[in-house]
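S.K.: curious how this folds, go ahead:
(one chain, ligands or ions: 1)
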Amino acid sequence: MIWKDTENDKVQHVWEYGEWEIAQQALNGSLLYNYFICNVGAGEQDNWLRTTFIQRHPTATRVFVEMRFVVRDCNSFGADSLTCKETFNLHTSEADADIGTSFRKGQFRKVATIAPDEISGVGDMQINTETRVVDNLSRKGFYLAFQDIGACVAIYSVRVYYKTCPATVKSLAAFPETVAGGENQALREVAGACVENAVSEDQPRIYCTVDGEWVVPVGQCQCRPGYEPKNDSCQECKPGFFKTSVSNEACEHCPKNTEPSSSGALSCPCLQGFYRAPNDPLTAACSGLPSAPQNLAATTAQMAVGKLQLSWSPPADTGGRTDITYNVVCDRCEGSVCQPCGEKVRYDPSNTDLKEISVIISELEPHLNYTFTVEARNGVSHLCIAKRSVALSNTKNLVNNKLVPEYRITDFTVKCSLQEKDEEKNKVTTYTVLVLEKNSVQIIDLSPSTVYLFKVQALSPEGNPGSYSMEQEFSTPAEGKCRKKVKPQLKPLKTYVDPHTYEDPNTAVLKFASEIHPTHVSKQKVIGVGEFGEVYRGILKAPGRKEAAVAIKTLKPGYTEKQRQDFLSEASIMGQFCHQNIIRLEGVVTKFKHVMIVTEYMENGALDKYLRDHDGEMSSFQLVGMLRGIAAGMKYLSDMSYVHRDLAARNILVNSKLECKVSDFGLSRVLEDDPEGTYTTSGGKIPIRWTAPEAIAYRKFTSASDVWSFGIVMWEVMAFGERPYWDMSNHEVMKAINEAFRLPAPMDCPSAVYQLMLQCWLQDRSKRPRFQDIVSLLDKLLKSPDSLKAIADFDPRVSIRLPSTSGSDGSPFRSVSEWLESIKMSQYSENFSMAGIVSMEQVLQMKSEDIRNIGVRLPGHLKRIAYSILGLKDQTSTLSVFAV
Ligand code: AMP
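M.R.: Sure thing, here's the model as predicted:
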């Protein structure tokens, strides 16, 4: 007979005691061993058979004992049957250690009397199986004993086991295998942990019953944003799907007008030209700007002189929203000079935020000509500058004589050209002119993979043509590979328009920037000085809009027309952009003497200064997050074919949420505005340290040269605003770059980030990554922050640019404060002197914990000081290992 110890599967043998004997028996061809006794008719019996010591699992207080045995029928013993018994007893005794053979009956307690269900006769063997519970066990182990009191019995096997609730996952919480409780703890409470990528407010719990079953799970684990529950785990949303919140809902399809998401997306970004209003949930479709209102007309029927009614119909395209409102703008024109009508003119019910499609305008001067512009707005209009409006001009006769207006648009011509996608031939074939009576048209049967150019011209009822609109470029998608006929769709290719292409730059400003009335802006404080004048912080309070903090760039008095145009060109460029990481233009003041450009206000100012002020205070994760924002802004600019030419940390602005936005878009700015600009032999003024070699050598400025500059910005950010190439001269920098030298990794810079910088600085510009590649790589790093843990090799002597053991004059540092100043850590001078560290000899003895103990807590600062000491030691050739 063997013991099966269920905990560790060890086989143990029982001890024999008293009259019990071991026997062998063949049954169905296999040998069975048993312990048996059959002292029938021999008077009173008390024979014990005890097991070896059975170790108890520390939490198993209740074990089960399953016995297989045979008992002979007493009747088969004839006269001896009088004292014959048909039962035996099960006993147990607890102990903290194996007591070997020192067996004492008195130590045992009885568990049960075991009786067979079926008695065996001669030659008829009935094996019984009985299970009993031994409960309330508390010591290290126990013995079992079988007491015979005069039966004829054979025990074939004894199995001792306890029950467990198996390891399980319930409601996305994992629970470990747990030993079932006993009588005194019928339900065992077990704490679990949410599976990977699931979270819960309270720790999940469950109960394990005495029978080894899980019951009553408490607390709910839910999948994080970007993950959905599937097969007891949380799995990433598939590409094209998203999930914004913690829940056990499935990921949803990206809504309308969004870019397809990558896997694990928390939201789907809006397609270019579509937006979400601040209160729109991320689950809602992105919406576009409304088209212009239609059929604008004026009437003076039954109205006093100086009064008219404007009415219009809603825009054909509401941008997918229902919150359409209208603004009416009135300009008073004399000849070709127009100016705002001013406060005198009255509007009923109002001139802004109109929900109605008509307005009554009064207090108009009969002798003046007015232009009314009606703009349709919706909940996302304030996010972008592009206005969609219709104008009605020359209403003088109307106001005066109660006549219909002189000029109304009735027909349009649409000119459509086909541009073949063969760059070398660059052939443009003019195809069609359509004359229409409505202001929209659907064009079908276009060829795939083809660029079409469209422009629109208005015709008066007499057929007099107006001037053509700007040309718009559209490209049709490629035909499917499987030769299935796909219906081509029009996809706008929005590109940046150089304000110089306008004959009159003022037209460009009018087109791309909203005019702000100077009474709506108030200046508060000077925050900077630009090339053209002061920059102020201020407040913009436009009618119908919430007050907003803004930056106001001014043009200093006495400007020439050329300066005015150069100044405003920045607004014409900025006004074409609409992206989270590009500084947003609120509008311009051009119709008054004090010309201004109003942009969103960025509380934390320029990035280079912000980083220097917070040296060592941000984690790599945060820094890479900032770089991701800048890269996204640059991707947008490069998608619009805009080349920045002066990308540098000083031209990135930071807001209170630490979002980074690209700024500085002046046309002549690289030549004149930037103090880093240096005249090159080719005559241009270029910020050498930030500029790609081909742009310095032959002014080849492209998005690839912007990528080089982005690499330098990455370096500036990871080095907390350190000057690229330190105090090397421009000439030395150009020479070094030519000789294939590149900036070394900043201290603590993740290896993956430094590798990306090196890619941006490849000599061959076609091999550099594109901004789109940079954004996806940075996204990847941010998604698995562990990827930022590997740190690039760092040489303290090169990278902190220590003046080694010497001060500027070549002699060793004369004081601790001189040394601290050289590594820009002067703020700790007092900590050193308070700790009695007053000489460089003492500094050289310091260990990293000494630096911490004198009060340097920020990891970045701690490392900078420690590395500097390491560098000093290296220079004095007493190099010793320095633990940081
Ligand atoms: P700029 O002429 O664009 O180089 O601006 C000069 C300085 O004014 C910048 O370095 C900033 O410190 C500050 N500045 C410019 N625009 C803003 C803005 N939108 N928000 C906050 N500060 C700004």
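
S.K.: elements contacting the biggest helix by length in the chain?
M.R.: Secondary structure of the chain read by DSSP state H shows that its longest helix is helix 620-639. Secondary-structure packing of helix 620-639 (3 or more CB pairs under 8 Å, 6 or more residues apart in numbering; DSSP states H and E): strand 660-662, helix 703-718, helix 751-760, helix 771-783. Where you see a C-beta, it was placed from the backbone N, CA and C, and this is true even at glycine.

S.K.: the stretch 601-750 of the chain against the ligand: which residues are in contact?
M.R.: 601-602, 605-606, 653, 663-664 (CB under 6 Å from any ligand atom).

S.K.: hang on, the earlier thing: which of the helices and strands packed on helix 620-639 sits closest to Ser120?
M.R.: Closest to Ser120 of those is helix 771-783 (CB to CB; 71.4 Å).

S.K.: next, count neighbours for the closest residue to the ligand within the stretch 151-300 of the chain.
M.R.: Distances between the stretch 151-300 of the chain and the ligand by CB to the nearest ligand atom are smallest at Pro278, namely 19.4 Å. Counted by other CB atoms under 10 Å, the residues lying close to Pro278 total 9.

S.K.: quick one: terminal-to-terminal distance for stretch 758-776?
M.R.: 17 Å (CA to CA, to the nearest Å).

S.K.: again, but for stretch 205-214
M.R.: End-to-end distance of stretch 205-214 (CA to CA): 10 Å.

S.K.: ok, now stretch 580-599?
M.R.: Note: stretch 580-599 ends 13 Å apart using CA to CA.

S.K.: got the end-to-end distance for stretch 510-519?
M.R.: 19 Å.

S.K.: then stretch 577-597?
M.R.: 15 Å.

S.K.: save the helices and strands packed on helix 620-639 as a markdown table, and put in mean pLDDT too.
M.R.: Shown next, in a markdown table, are these (pLDDT from 0 to 100):
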| stretch | mean pLDDT |
| --- | --- |
| strand 660-662 | 97 |
| helix 703-718 | 97 |
| helix 751-760 | 96 |
| helix 771-783 | 94 |
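
S.K.: what sits against the residue lying closest to Glu236 once chain neighbours are set aside?
M.R.: Leaving out its chain neighbours, the residue that sits closest to Glu236 by CB to CB, 6 or more residues apart in numbering is Gly264, at 3.8 Å. Contacts for Gly264 (CB atoms under 8 Å, 6 or more residues apart in numbering) come out as 226-227, 236-237, 783.

S.K.: in a strand, Gly264, correct?
M.R.: No. Under DSSP: H, G, I helix; E, B strand; the rest coil, Gly264 sits outside any strand and is assigned coil.

S.K.: roughly how far apart are it and Thr51?
M.R.: 57 Å (CB to CB, to the nearest Å).

S.K.: again with Ser287
M.R.: 79 Å.

S.K.: next: Asp664.
M.R.: Plainly put, Asp664 is 87 Å away from Thr51 if you go by CB to CB.

S.K.: and the contacts of the helix or strand hosting Lys525?
M.R.: Assigned by DSSP states H and E, Lys525 belongs to strand 521-529. Residues from elsewhere that reach strand 521-529 (CB under 8 Å, 6+ apart): 534-541, 550-552, 589, 596, 598, 605.

S.K.: rerun that using 10 Å as the cut-off
M.R.: Applying CB atoms under 10 Å, 6 or more residues apart in numbering, the contact partners of strand 521-529 are 534-542, 547, 549-554, 556, 586-587, 589, 594, 596, 598, 601-602, 605-606.

S.K.: export that strand as CSV, just CAs?
M.R.: C-alpha atoms of strand 521-529 as CSV (Å, rounded to 0.1, in the frame of the first residue of the first chain):
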residue,chain,number,x,y,z
VAL,A,521,-7.9,93.6,-28.5
SER,A,522,-6.3,95.0,-25.4
LYS,A,523,-2.6,94.8,-24.7
GLN,A,524,-1.5,94.0,-21.1
LYS,A,525,2.3,93.5,-21.0
VAL,A,526,5.4,93.3,-23.2
ILE,A,527,6.6,89.7,-23.4
GLY,A,528,9.2,89.9,-26.2
VAL,A,529,10.6,91.8,-29.0
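
S.K.: just the buried positions in that strand, please.
M.R.: Across strand 521-529, burial judged by 16 or more other CB atoms under 10 Å covers 521, 523.

S.K.: for it, which strands pair with it and how are they oriented?
M.R.: Strand pairing for strand 521-529, using DSSP bridges, gives strand 534-540 (antiparallel).

S.K.: I'd like the average pLDDT over the strand it pairs with.
M.R.: Strand 534-540 comes out with an average pLDDT of 95.

S.K.: do it and the ligand meet at all?
M.R.: Yes. On the criterion CB under 6 Å from any ligand atom, strand 534-540 is in touch with the ligand at Val535.

S.K.: quick one: name the residues of this structure near the ligand.
M.R.: So far as CB under 6 Å from any ligand atom goes, the chain lies against the ligand at 527-528, 530, 535, 551, 583, 599-602, 605-606, 653, 663-664.

S.K.: now the buried members of the residues you listed.
M.R.: Here, 16+ other CB under 10 Å leaves 530, 535, 551, 583, 599-602, 605-606, 653, 663-664 buried among the residues of the chain next to the ligand.

S.K.: quick revisit: between the longest helix of the chain and helix 771-783, how big is the angle?
M.R.: 160 degrees (axes from the mean of the first three to the mean of the last three CA atoms, to 10 degrees).

S.K.: check which element follows helix 620-639 along the chain.
M.R.: Past helix 620-639, the next helix or strand by DSSP H and E is strand 652-654.

S.K.: quick one: distance of that next one to the chain centre.
M.R.: 19 Å (CA atoms, centre = their mean, to the nearest Å).

S.K.: also stretch 766-773?
M.R.: 22 Å.

S.K.: residue in the stretch 1-150 of the chain nearest to the ligand?
M.R.: For the stretch 1-150 of the chain, CB to the nearest ligand atom, closest residue to the ligand: Thr59, 63.6 Å.

S.K.: that residue is in contact with Pro176, isn't it?
M.R.: No. The pair Thr59 and Pro176 does not pass the contact test of CB atoms under 10 Å, sitting 11.4 Å apart.

S.K.: so what sits against both of these two?
M.R.: Thr164.

S.K.: neighbours of the residue in the stretch 701-850 of the chain positioned nearest to the ligand, how many?
M.R.: Proximity of the stretch 701-850 of the chain to the ligand (CB to the nearest ligand atom) peaks at Gly721, 13.2 Å away. Gly721 is flanked by 18 other residues according to other CB under 10 Å.

S.K.: how about Thr300?
M.R.: So Thr300, with other CB under 10 Å, has 20 neighbours.

S.K.: what does Arg276 give?
M.R.: 21.

S.K.: please apply the same query to Arg857.
M.R.: By the measure other CB under 10 Å, the count of residues near Arg857 is 8.

S.K.: quick one: it from Ser619, how far?
M.R.: Distance, Arg857 to Ser619, by CB to CB: 15 Å.

S.K.: that older thread, shouldn't the residue of the stretch 701-850 of the chain closest to the ligand be in contact with Ala649?
M.R.: Yes. If you go by CB under 10 Å, Gly721 and Ala649 touch, sitting 6.5 Å apart.

S.K.: roughly how far does the nearest residue to Asn730 once chain neighbours are set aside sit from Trp715?
M.R.: In space, and not counting its chain neighbours, Asn730 is closest to Ile688: 4.3 Å by CB to CB, 6+ apart. Between Ile688 and Trp715 the distance is 15 Å, computed by CB to CB.

S.K.: so for those two, which residue has more residues nearby?
M.R.: For Ile688 versus Trp715, the count of surrounding residues by other CB under 10 Å is larger for Trp715: 25 against 19.
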